[in-house]
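>>> Structure, please.
(one chain, ligands or ions: 1)
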Amino acid sequence: MNTPPLPPAPSTPPASRLGEADAAAQLAYLRAILGSLPDPIMVIGRDGRYLDVLGGADRGNYDAAAPLVGLHMQDVLPEEKWRFFLDVVHRALDKGCLQTVEYRLSADEVEPTDNDGPSGAQWFQGRVYPIAGRDAVVWLVVNISAQKALEERLKRLSEVDDLTGALNRRCFLERLEALFGAHYRRSRSLAVIVFDVDHFKSINDIHGHAQGDRVLKRLGEVVAAGLRADDVFGRTGGEEFAIGCPATDAQEAEILAERLRAAVENLVFQTPSGELHVTVSLGATQLGPDDKDVDGPLHRADQALYLAKRRGRNQTCVWAGDEEPDIDLVVD
Ligand SMILES: Nc1nc2c(ncn2[C@@H]2O[C@H](COP(=O)(O)OP(=O)(O)OP(=O)(O)O)[C@@H](O)[C@H]2O)c(=O)[nH]1
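Numbers count the residues shown, from 1 in each chain. Got it, this is the predicted structure:
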């Protein structure tokens, strides 16, 4: 850190008796203190001009912002960013109250690129407050990248199943509900596929729980790789999984399910107790005109899966229409 040494605290006579020298000493003292603040404070006018920059001494978290003084944000930032920042300045001034914003910014996006701070894009929080009696704001910047990374990690931990990388049951159902909400109103084309590993208990029994886990992990990867970006994929139970496929009807869901089934069937696991092959049974359905929530499609997909198990496993059954397949007629 190369901040200048702090001048001695000046005596503070009442403002009315403050001589020029006293005032200058006080100003130097206050600027030195503010200059030592780790986080930068910027003074920005309504027109987007950086009027002053104080603090920001922590080079681990900030590039030097002093070179910005006198420049307009329109000259130093990409359009999308300066429009966003200027809007925040205007909101703070027009509403006369604190605006708190979070944004991502990289030193490469700021001209002049005097890059002496952290590398890569950083997350910042801006606390923006109007200055009384002036058409300008103070913009206090805090680097919140570490906090953001932690938040993202916690979010992921609360949404994703650690072993398979699929969404956990709660998050899957939430996302499926959201897909349902969007697609029920628009096109009603949403398919649900559920699947379950065949004879998984005996895989555990013969090869051990660790190999069973390995199977589930690989299965999660293989299925995820076979899906579209807007499909939602979740682990709904021990060896049970489900997929929500927007803009997909039962026929297309069957094609997808069969593709996934074949991909799993082709996997070969080498284990200490020999080669291991796994298969899955799948049930698929589509949204029907009477479905008011996801319970109906999930139930039908489950019933179709049950049928696939009864018919001998390693296959897909589809419940496309409103009529329930006659599961009892099927012989084991
Ligand atoms: N290794 C491992 N096994 C699990 C996990 N979660 C559940 N299981 C096991 O999965 C097995 C599921 O067995 P069942 O419900 O009898 O089903 P199955 O043997 O697959 O038989 P079918 O579904 O009828 O083909 C049980 O033995 C569970 O202990 C897990 O995270 N890891």
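>>> Around the ligand, pick out the residues from the stretch 101-250 of the chain.
With the criterion set to Cβ under 6 Å from any ligand atom, the stretch 101-250 of the chain comes near the ligand through 163, 196-201, 204, 209, 212-213, 216, 238-239. To be clear about C-beta, it is placed using only N, CA and C from the backbone, and glycine gets the same treatment.
>>> what do you get if the cut-off is 5 Å, keeping everything else the same?
For the stretch 101-250 of the chain, the residues in contact with the ligand (Cβ under 5 Å from any ligand atom) are 196, 198-201, 209, 212-213, 238-239.
>>> In PyMOL, how would I select the buried members of the residues you listed?
Provided next is the PyMOL selection string for whichever of these are buried by 16 or more other Cβ atoms under 10 Å:
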select buried, resi 196+198+200+212+239
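>>> Which of the residues of the stretch 101-250 of the chain next to the ligand sits closest to V53?
In terms of Cβ to Cβ, no member of those lies closer to V53 than D213, at 54.1 Å.
>>> So for whatever helix or strand that closest one lives in, what gets flagged as buried?
Per DSSP states H and E: D213 is located in helix 209-225. Under the neighbour-count criterion of 16+ other Cβ under 10 Å, helix 209-225 has 211-212, 214-216, 219-220, 223 buried.
>>> cool, and stretch 255-274?
If you call a residue buried by 16+ other Cβ under 10 Å, then stretch 255-274 has these buried ones: 256-257, 260-261, 264.
>>> of all the residues of the stretch 101-250 of the chain next to the ligand, which comes closest to A301?
Nearest to A301 out of those is D196 (Cβ to Cβ; 11.0 Å).
>>> Could you report the separation of the spatially closest residue to that closest one that is not a sequence neighbour from L167?
Of all residues not flanking D196 in the chain, E240 sits nearest, at 4.8 Å (Cβ to Cβ, 6 or more residues apart in numbering). Spatial separation of E240 from L167 under the definition Cβ to Cβ, to the nearest Å is 13 Å.
>>> Which of these two has more residues huddled nearby?
Shown here are E240 and L167; by other Cβ atoms under 10 Å, L167 has more neighbours (23 against 17).
>>> Look up how far the ligand lies from that one.
15 Å (Cβ to the nearest ligand atom, to the nearest Å).
>>> for the nearest residue to that residue once chain neighbours are set aside, helix, strand, or coil?
Take L167 and drop its neighbours on the chain: the residue closest to it by Cβ to Cβ, 6+ apart is G234, 3.9 Å away. Here G234 is recorded as strand under DSSP: H, G, I helix; E, B strand; the rest coil.
>>> who's G234 bridged to?
The partner list for G234 in beta bridges (DSSP bridges) reads L167, A242.
>>> Touching, it and G165? I think so.
No. If you go by Cβ atoms under 8 Å, G234 and G165 don't touch, sitting 10.6 Å apart.
>>> Going by how many neighbours each has, rank those two and give me the top one.
Neighbour count, other Cβ under 10 Å: between G234 and G165, G234 has more, with 26 against 14.
>>> give me the element the residue most central in space within the chain is part of.
What sits nearest the mean C-alpha location of the chain, by Cα atoms, centre = their mean, is E152, with 6.3 Å. Counting by DSSP H and E, the element that carries E152 is helix 145-159.
>>> Any idea how far that helix is from the middle of the chain?
Here helix 145-159 is found 8 Å from its chain centre; the criterion is Cα atoms, centre = their mean, to the nearest Å.
>>> Point out where the stretch 201-332 of the chain drops to low pLDDT.
Within the stretch 201-332 of the chain, the segments meeting pLDDT under 70 span 321-332.
>>> Could you check stretch 78-87 and say which residues are buried?
Within stretch 78-87, the residues scored as buried using 16+ other Cβ under 10 Å are 81-82, 85-86.
>>> now do stretch 147-161
Buried residues in stretch 147-161, counted by 16+ other Cβ under 10 Å: 148, 160-161.
>>> Dig out what A284 forms beta bridges with.
I193, V318.
>>> swap in L140?
L140 has these beta-bridge partners by DSSP bridges: I41, R127.
>>> quick one, what contacts it?
Under the criterion of Cβ atoms under 8 Å, 6 or more residues apart in numbering, the contact list for L140 reads 39-41, 126-129.
>>> what about 10 Å?
37, 39-42, 54-55, 98, 100, 125-129 (Cβ atoms under 10 Å, 6 or more residues apart in numbering).
>>> Out of the residues you listed, the closest to the ligand would be?
Q125 (39.4 Å; Cβ to the nearest ligand atom).
>>> and that closest one, what pLDDT?
Looking at Q125, its pLDDT is 98.
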